[in-house]
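Asks: Sequence plus the predicted model coming up.
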Amino acid sequence: MIPRLLEKYRNEISVKLMQELKIKNKLALPRIDKIVINMGVGEAIADVKILEKAVEELAAITGQKPIIRRTKKAIANFKTKQNQPVGAKVTLRKAMMYEFMDRLINVALPRLRDFRGISTKAFDQAGNYSLGLSEQGIFPEIEYDRITRPQGMDITFVIKNVKNNEQAKLLLECFGMPFSRQNEQK
């Protein structure tokens, strides 16, 4: 079964982008290549069970098993040893990516307290967009009563074929990303 947002991209968004950006070739249109979700779990240095719980919750949110991230070298100030687990990462592509994006935009973000939209200033020079969430409880896959501690995550949308950040923003707006209007005026 084709994800809803992928079907929307093929039928509606690509046509709109071709008209607005004046691009004739569909393969030259901006598109989302992958979504990378990263959870840094610094408390895992003291207790490995915290990392195991974070990996379990990230797997439930994304539907894919996370990779455990490890330290590259020992740093005494952070009390880390070399090759010690400190986080988890998932890279989503194709159908899984569109399913996650659909749940993020339509279910998770509106559940944030006092939500007025996401910042328009989080684009890098390549047109990729990064979003930080402070807790995992906004996703419907996580039972709020079973959360032992709030765990934040970074979500990065890697966008291909963009010439500037305005094109990337237009693509994400077409998908329904709720950008804040306050940031544009300042």
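Replies: Looks like it arrived, so ask away.
Asks: Find the nearest non-adjacent residue to Gly42, please.
Replies: Of all residues not flanking Gly42 in the chain, Val86 sits nearest, at 6.2 Å (Cβ to Cβ, 6 or more residues apart in numbering). In short, each C-beta sits where N, CA and C put it, glycine included.
Asks: what's the pLDDT at the one you found?
Replies: With respect to pLDDT, Val86 scores 87.
Asks: helix or strand for it, which one?
Replies: Applying DSSP states H and E as the criterion places Val86 in strand 85-92.
Asks: in its sheet, what does that strand sit against?
Replies: strand 31-40 (antiparallel), strand 67-70 (antiparallel) (DSSP bridges).
Asks: Let me have the first one in CSV, keeping just the CA atoms, if that works.
Replies: In CSV, the C-alpha atoms belonging to strand 31-40 read as follows (Å, rounded to 0.1, in the frame of the first residue of the first chain):
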residue,chain,number,x,y,z
ARG,A,31,12.2,15.9,-2.7
ILE,A,32,12.8,14.5,0.8
ASP,A,33,15.6,11.9,0.6
LYS,A,34,15.6,10.6,4.1
ILE,A,35,14.6,11.5,7.7
VAL,A,36,17.2,10.9,10.5
ILE,A,37,16.0,10.7,14.1
ASN,A,38,18.6,10.9,16.8
MET,A,39,18.3,10.5,20.5
GLY,A,40,21.2,11.4,22.7
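Asks: buried stuff in that strand?
Replies: Across strand 31-40, burial judged by 16 or more other Cβ atoms under 10 Å covers 31-32, 34-40.
Asks: And for the last one?
Replies: Buried positions in strand 67-70, judged by neighbour count with 16+ other Cβ under 10 Å: 68-69.
Asks: Quick one: mean pLDDT for that strand?
Replies: 91.
Asks: now do the first one
Replies: Within the predicted structure, the mean pLDDT of strand 31-40 is 95.
Asks: Can you check what angle separates the following helix or strand past that strand from strand 31-40?
Replies: Moving toward the C-terminus from strand 31-40, the next helix or strand (DSSP H and E) is helix 48-62. Interaxial angle, helix 48-62 versus strand 31-40 (axes from the mean of the first three to the mean of the last three Cα atoms, to 10 degrees): 160 degrees.
Asks: pLDDT of helix 48-62, averaged?
Replies: Here the average pLDDT along helix 48-62 is 90.
Asks: if I look at the residue of the chain most remote from its centre, how far off is Ile35?
Replies: Within the chain, the residue lying farthest from the chain centre (Cα atoms, centre = their mean) is Ala76, at 31.4 Å. Here Ala76 is placed at a distance of 35 Å from Ile35 (Cβ to Cβ, to the nearest Å).
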